[in-house]
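Colleague: Quick one, what's the 3D model for this:
(chains A and B)
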Amino acid sequence: MTLKFASQESEPVARNAWLSPFLFVTLIVLGVLSLLIGRYEISPREVFQILWSSFYKFEAFDDDNQWIVVQVLRLPRILLAVLSGAGLAVAGAALQGIFRNPLVGPEILGVSAGASFGGVLAMSLGLVSPAGLAPLAFMFGCGAITLAITLSWLAGQSSTIGLVLAGVIVGGLFSSLTGLVTYSADAESKLPSIVYWLMGSFARATYGQVAFAAVVALIAIPPLFALSWRINLLSLGELDARALGLKTKKLRLAIVALASLLVASQVAVSGGIGWVGLVIPHLARMLVGPDHVRLLPVSALLGGIYLLLIDDLSRSLSETEIPIGLLTSLVGGPVFAIFFVRLRNRGWNND
Amino acid sequence: MTELRGMELEAEFAVVGKELGLAYKEGFWVIKRLSFSIKKGSVFAILGPNGCGKTTLLKIILDLLQPQVGSIHKRGEMALVPQLFQVSFAFSALEMVVMGRAKKIGLFSQPGLKDRRLALEALERLNIADLAARPFPELSGGQRQLVMLARALVAEADILVLDEPASSLDFKNQALVLQWMKRLSRENGLTVVCTTHQPQHALAAADEALLMTGEEGGLVGRADEILSEANLKRLYGVDIKRLSFEHLGRVEEALTPVYLKLS
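Modeller: Take a look at the predicted model:
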């Protein structure tokens, strides 16, 4: 459905070829507009002046409130929201491809649960600053997927279903550990910040976090894009993919590892944000079809736009910030229910 | 497994299996002392009851399983036409065919114009170019089977391996797929290896057949000779009649099981 023919002789033309450039421009425009949103009113003209000045003025001028609002408060959280959304959506699209199942999300491998535990553990140990808890969260996220892969390997189940089961086991284990630490945390001093962090937020975004998320994205996203056509082949199933010459086990592990890096880094910088990696790839698939070569980049752009918009809502809907994770599940749940019903009607089959 | 260019694999053969043995569990041989040679450019059918090891043998031929005993030699590249299957995502027919180019496309690369052109040519070869843009899951069983055949063609393989190519198709599409198997062997010089549950398909399309009787070695030989009433009774444990009749001025033969009647 993604292809049509201009004439019998010519090459097939990809549908919606303009979509990626359009989404990219949309993302930039929304990013700039998002700088205007917030309690402290700044005119578009002032925002542009501040952005422009940052190209040649590097020293901060502490007394300039507008500068602080734009450069210190709003810009990093906008960048972080876009990076997190893009990473989650790409991870989700890649995992749905290799698990041959459009109804799985990146949470299925236990990475989010592991990273959440790492973050909560750090906070209970007194490491409440973004820079303090991120390393532990990231490490536990990576640890969780290593554990899941090892477990599936020990069980002699390097197959898709083996990996998913191992991920569910590891995820369940870390969720209960998170519950344990949360339960025993000091109700006055630590519990509120833990609960708030678990619901996800970009409110405390720093350039350090932006740099961290950007580095992980640069490590993980280009190889996933490069492997995107192989994800098409993996989605055909084990026997067929192997007959087409793929080293399925290695390839699947590599893709799982790269997707896990993205998920772990997102949790490390912004806490628990669900549904993005599940819903956005669906939306992308509706727009450009199932070919992962086009699906992954479009998912990245849509994911960035989506979390940016959700973050704008979270800081403008009410007096106090609404946690991101709450909004993504409030929006994601119903939207996904619609996809689910539509898929059933189309006779989706995963044999 | 080795691909031999020298003496061991005579030039006229595409695949030679010698004394093959494979057991999934110790002592339970799925395949035991199986020997066969498949001539280049011929159609070779593998028959046997459920669980006799047909699919296992296909995997051995495709290099996806290693036999524990014996040796298998092959000359040329293989392409699989899997059993009529479902895809998880609604790729277009053309996208499906392009996937056949996998072995020619680097790990981090994506198919280019040449690959799409070859895919389109393969669809044209099978007279289904009009399906190119259609979503694969929306095609009929026969159309899907032909698309998968086109996918095998773009692999530029010498040996096509088909798993139950005509089993779940209606009569017209059975005839179409069987005809294409024969034509690709005669006109393109491809070696075609297939499994089938229908002896009449083997009789109609295959030059040679292997009957996996479960006994050591099985039975192998020219299709019209080996597909005898006695051999098929031995293979399936039911009576199968081989009938001759005249049709459009030619003598045709058919195989049909004799189903038990209640009463």
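
Colleague: which residues touch the residue in the stretch 1-150 of chain A positioned nearest to chain B?
Modeller: Closest to chain B within the stretch 1-150 of chain A is A:Arg100: 4.1 Å, counting by Cβ to the nearest Cβ. Glycine gets a C-beta too; all of them are placed from N, C-alpha and C. By Cβ atoms under 8 Å, 6 or more residues apart in numbering or on different chains, A:Arg100 lies in contact with A:Thr160, A:Leu234, A:Ser235, A:Gly237, A:Asn350, B:Ser88.

Colleague: Grab the two from the residues you listed that are most spread out in space.
Modeller: The most widely separated members of the contacts of A:Arg100 are A:Leu234 and A:Asn350, with 13.7 Å between them, by Cβ to Cβ.

Colleague: More neighbours: those two, which one.
Modeller: Of the pair A:Leu234 and A:Asn350, A:Leu234 is the one with more neighbours under other Cβ atoms under 10 Å in any protein chain shown, namely 24 against 12.

Colleague: pLDDT score for the nearest residue to that one once chain neighbours are set aside?
Modeller: Taking Cβ to Cβ, 6 or more residues apart in numbering or on different chains, and ignoring the residues beside it in sequence, A:Leu234 has A:Ile98 as its nearest neighbour in space, at 4.7 Å. If you check A:Ile98, the pLDDT there is 93.

Colleague: now do the one 3 residues further on
Modeller: Note on A:Asn101: pLDDT of 84.

Colleague: cool, the one 10 residues further on as well?
Modeller: What the model reports for A:Val111 is a pLDDT of 95.

Colleague: Then A:Gly347?
Modeller: Note on A:Gly347: pLDDT of 43.

Colleague: Could you give the number of residues near residue 229?
Modeller: Chain wasn't specified; assuming chain A. Residues near A:Trp229, counting by other Cβ under 10 Å, number 22.

Colleague: my question was about chain B
Modeller: Neighbours around B:Glu229, by other Cβ under 10 Å: 12.

Colleague: For the residue nearest to it when sequence neighbours are not counted, pull up the helix or strand it's in.
Modeller: Once flanking residues are discounted, B:Glu229 sits nearest to B:Arg242: 5.3 Å by Cβ to Cβ, 6+ apart. Per DSSP states H and E: B:Arg242 is located in strand B:240-247.

Colleague: Kindly report the same for A:Leu136.
Modeller: With elements taken from DSSP H and E, the one containing A:Leu136 is helix A:130-154.

Colleague: Mind pulling up the pLDDT for the closest residue to A:Glu46 other than its chain neighbours?
Modeller: The shortest distance from A:Glu46 to any non-neighbouring residue, by Cβ to Cβ, 6+ apart, is to A:Gln66 (5.6 Å). Looking at A:Gln66, its pLDDT is 78.

Colleague: Same check on A:Phe174?
Modeller: pLDDT for A:Phe174: 97.

Colleague: helix/strand/coil for B:Leu80?
Modeller: Following DSSP: H, G, I helix; E, B strand; the rest coil, B:Leu80 is assigned to strand.

Colleague: Can you verify my assumption that it contacts B:Ala152?
Modeller: Yes - B:Leu80 is within contact range of B:Ala152, at 7.0 Å (criterion: Cβ atoms under 8 Å).

Colleague: For the stretch 101-250 of chain B, which segments count as strands?
Modeller: Assigned by DSSP state E, counting those that start in this stretch, the stretch 101-250 of chain B shows strands spanning B:159-162, B:191-196, B:208-211, B:219-222, B:240-247, B:250-257.

Colleague: thinking again about what came up before, and the residue of the stretch 1-150 of chain A closest to chain B, how far from B:Leu65?
Modeller: Between A:Arg100 and B:Leu65 the distance is 22 Å, computed by Cβ to Cβ, to the nearest Å.

Colleague: which residues of the chain score low on pLDDT?
Modeller: Just so you know, I chose chain A. Low-confidence segments of chain A (pLDDT under 70): A:1-15, A:55-63, A:157-158, A:343-351.

Colleague: oops, I was thinking of chain B
Modeller: Residues of chain B meeting the criterion pLDDT under 70: B:1-9.

Colleague: tell me which parts of it are close to chain A?
Modeller: Counting by Cβ under 8 Å from any Cβ of the partner chain, the positions of chain B adjacent to chain A are B:59, B:62, B:64, B:78-80, B:82, B:85-92, B:94-95, B:99-100, B:102-103, B:105, B:107-111, B:113, B:116-117, B:120, B:129, B:132-135, B:137, B:155, B:161.

Colleague: what sits against the residue lying closest to A:Gly156 once chain neighbours are set aside?
Modeller: The shortest distance from A:Gly156 to any non-neighbouring residue, by Cβ to Cβ, 6+ apart, is to A:Gly162 (7.9 Å). Counting by Cβ under 8 Å, 6+ apart, A:Gly162 makes contact with A:Ser152, A:Ala155, A:Gly156.

Colleague: In PyMOL, select just the buried ones from those.
Modeller: Those of those that count as buried under 16 or more other Cβ atoms under 10 Å in any protein chain shown are selected in PyMOL with:
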select buried, chain A and resi 152
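
Colleague: and stretch A:289-306, how far out from the chain's middle?
Modeller: Relative to the mean C-alpha coordinate of its chain, stretch A:289-306 is positioned 12 Å out (Cα atoms, centre = their mean, to the nearest Å).

Colleague: Could you export it as CSV, CA atoms only?
Modeller: Output of stretch A:289-306 as CSV, limited to C-alpha atoms (Å, rounded to 0.1, in the frame of the first residue of the first chain):
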residue,chain,number,x,y,z
GLY,A,289,3.2,1.8,5.8
PRO,A,290,5.1,-1.0,7.4
ASP,A,291,8.5,-0.6,5.7
HIS,A,292,10.9,0.1,8.6
VAL,A,293,13.2,2.0,6.3
ARG,A,294,10.6,4.8,6.3
LEU,A,295,8.9,3.8,9.5
LEU,A,296,11.9,4.4,11.9
PRO,A,297,12.7,8.0,10.8
VAL,A,298,9.0,9.0,10.7
SER,A,299,8.5,7.4,14.2
ALA,A,300,11.5,9.4,15.5
LEU,A,301,10.0,12.7,14.2
LEU,A,302,6.5,11.9,15.4
GLY,A,303,7.8,10.8,18.8
GLY,A,304,9.7,14.0,19.2
ILE,A,305,6.7,16.1,18.3
TYR,A,306,4.4,14.1,20.5
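
Colleague: Please, which helix or strand holds the closest residue in space to A:Leu313 that isn't next to it in sequence?
Modeller: Leaving aside its sequence neighbours, A:Leu313 sits nearest to A:Leu327 (Cβ to Cβ, 6+ apart; 6.0 Å). Assigned by DSSP H and E, A:Leu327 falls within helix A:324-345.

Colleague: That helix - contacts with which helices or strands?
Modeller: For helix A:324-345, the helices and strands in contact under the criterion 3 or more Cβ pairs under 8 Å, 6 or more residues apart in numbering or on different chains; DSSP states H and E are helix A:276-288, helix A:292-316.

Colleague: Run the angle between the last one and helix A:324-345 for me.
Modeller: So the one you mean is helix A:292-316. 140 degrees (axes from the mean of the first three to the mean of the last three Cα atoms, to 10 degrees).

Colleague: quick one: buried residues of helix A:292-316?
Modeller: The neighbour-count check on helix A:292-316 (16+ other Cβ under 10 Å) flags A:292-315 as buried.

Colleague: who's in contact with the residue nearest the centre of chain A?
Modeller: Closest residue to the average C-alpha location of chain A: A:Leu88 at 1.6 Å, with Cα atoms, centre = their mean. By Cβ under 8 Å, 6+ apart, the contact set of A:Leu88 is A:Pro106, A:Leu262, A:Val263, A:Gln266, A:Ile273, A:Val276, A:Gly277, A:Ile280, A:Gly303, A:Leu307.
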